[in-house]
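Q: Sequence first, predicted model second:
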There are 2 protein chains.
Amino acid sequence: MDESKIVAALAALAHEHRLRIFRLLVRAGPSGVPAGQIAEHIGISATGMSFHLKELDHAGLVTSTRQGRFVRYAPHVEGMRQLLTYLTEDCCRGQPELCGGIIKKVRAVCK
Amino acid sequence: MDESKIVAALAALAHEHRLRIFRLLVRAGPSGVPAGQIAEHIGISATGMSFHLKELDHAGLVTSTRQGRFVRYAPHVEGMRQLLTYLTEDCCRGQPELCGGIIKKVRAVCK
DNA sequence: CCTATTATTCAAATAATTTTGAAATATGCA
DNA sequence: TGCATATTTCAAAATTATTTGAATAATAGG
């Protein structure tokens, strides 16, 4: 995968509000949450929310669908998957020490 | 783990040069690489290298040890582990779709 | 002590991001 | 159509990050 897209995705998540937005969307699931509702939850203005959602969208981490007057945002599974695959496989080369022990853990369970 | 530390780590990696530096250090292993040698490899000035290495260091992603006139930099295993653990477990809640298929893959191998 | 090498610090300049508030767009409903 | 709601766009201001080059520190070796 294109390294500049990885940088863009990392930058998108590298912000207090945006990381919280993404976390919230993951918890909310694929049906999504209207922008205004996210804004209320996070505690920022509608304008600020649009700005941050645009960043996440451009980075390929969220998707949006209009539903009447609302625009529902949901996590974009493929974008996040690519980021985590890059970080664990390409960047950290699958080393269990670096990869958060996931590989280690699951292997242990398998024994 | 502290969310602001996660944001700092993400921001540290969210830069073309720094992501390449970190990748290079992972490949080089725990013995580390002198700052100047990294700079030569990446193709940036010594001053620029100091700036970026400081960012990575402050974010807890690399460690440094002086060896004579050289300062060797190596990946800081614990910092990266914490970041990836956060992203996969806290943020993405271990959902295989989001987590880069690592969990899925290893489970499949185990069957 | 002197010099060469390696790396960092500093301050100034430049560039990029984020915030703010007003205006605009899109939709639903009376 | 006219009005209310949800969201986005826009431009200006504020903030933060990055680059640049000169100066400074740390060390090895003569």
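A: Arrived safely.

Q: drop to CA atoms for contacts and neighbour counts, all remaining ones
A: Fine.

Q: can you give me the strands in chain A?
A: Using DSSP state E, the strands assigned to chain A run over residues A:33-34, A:62-67, A:70-75.

Q: The shortest one close to DNA strand C?
A: The one in question is strand A:33-34. No - Strand A:33-34 does not reach DNA strand C (C-alpha under 7 Å from any atom of the strand); its nearest approach is 13.2 Å.

Q: For that strand, which strands pair with it and how are they oriented?
A: Within its sheet, strand A:33-34 is paired with strand A:70-75 (antiparallel), according to DSSP bridges.

Q: Any residue of the strand it pairs with touching DNA strand D?
A: Yes - if you take C-alpha under 7 Å from any atom of the strand as the test, strand A:70-75 does meet DNA strand D, through A:70-72.

Q: need the residues you listed in a markdown table with pLDDT, can you?
A: Shown next, in a markdown table, are the residues of strand A:70-75 next to DNA strand D (pLDDT from 0 to 100):
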| residue | pLDDT |
| --- | --- |
| A:F70 | 98 |
| A:V71 | 98 |
| A:R72 | 98 |
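
Q: List buried residues within the residues you listed.
A: Among these, those buried by neighbour count (16 or more other C-alpha atoms under 10 Å in any protein chain shown) are A:71-72.

Q: Might you report the residue contacts of the closest residue to DNA strand D within chain A?
A: Per C-alpha to the nearest atom of the strand, A:G36 is where chain A lies closest to DNA strand D, at 2.8 Å. Residues in contact with A:G36 (C-alpha atoms under 8 Å, 6 or more residues apart in numbering or on different chains) are A:46, A:49.

Q: So it versus chain B, what's the distance?
A: 21 Å (C-alpha to the nearest C-alpha, to the nearest Å).

Q: A:A39 is in contact with A:A46, correct?
A: Yes - applying C-alpha atoms under 8 Å as the test, A:A46 and A:A39 come out as touching, 6.3 Å apart.

Q: Show me which of these two is the more surrounded one.
A: A:A39 (18 against 15; other C-alpha atoms under 10 Å in any protein chain shown).

Q: so what's that one up against?
A: Here A:A39 is in contact with A:45-46, A:49 (criterion: C-alpha under 8 Å, 6+ apart).

Q: and chain A, which residues reach DNA strand D?
A: A:34-37, A:46-47, A:49-51, A:53-54, A:69-72.

Q: nearest to B:T85, of those?
A: A:L53 (24.2 Å; C-alpha to C-alpha).

Q: ok, that closest one - how many residues close by?
A: 24.

Q: what does A:F51 give?
A: Counted with other C-alpha under 10 Å, A:F51 comes out at 13.

Q: Roughly how far does it sit from B:P34?
A: 40 Å (C-alpha to C-alpha, to the nearest Å).

Q: And for A:I44?
A: From A:I44 to B:P34 the distance is 44 Å (C-alpha to C-alpha).

Q: Run through chain A and note the low-pLDDT ranges.
A: Residue ranges of chain A with pLDDT under 70: A:101-111.

Q: can you tell me the residue of it closest to DNA strand C?
A: Closest point on chain A to DNA strand C, by C-alpha to the nearest atom of the strand, is A:G68, at 3.4 Å.
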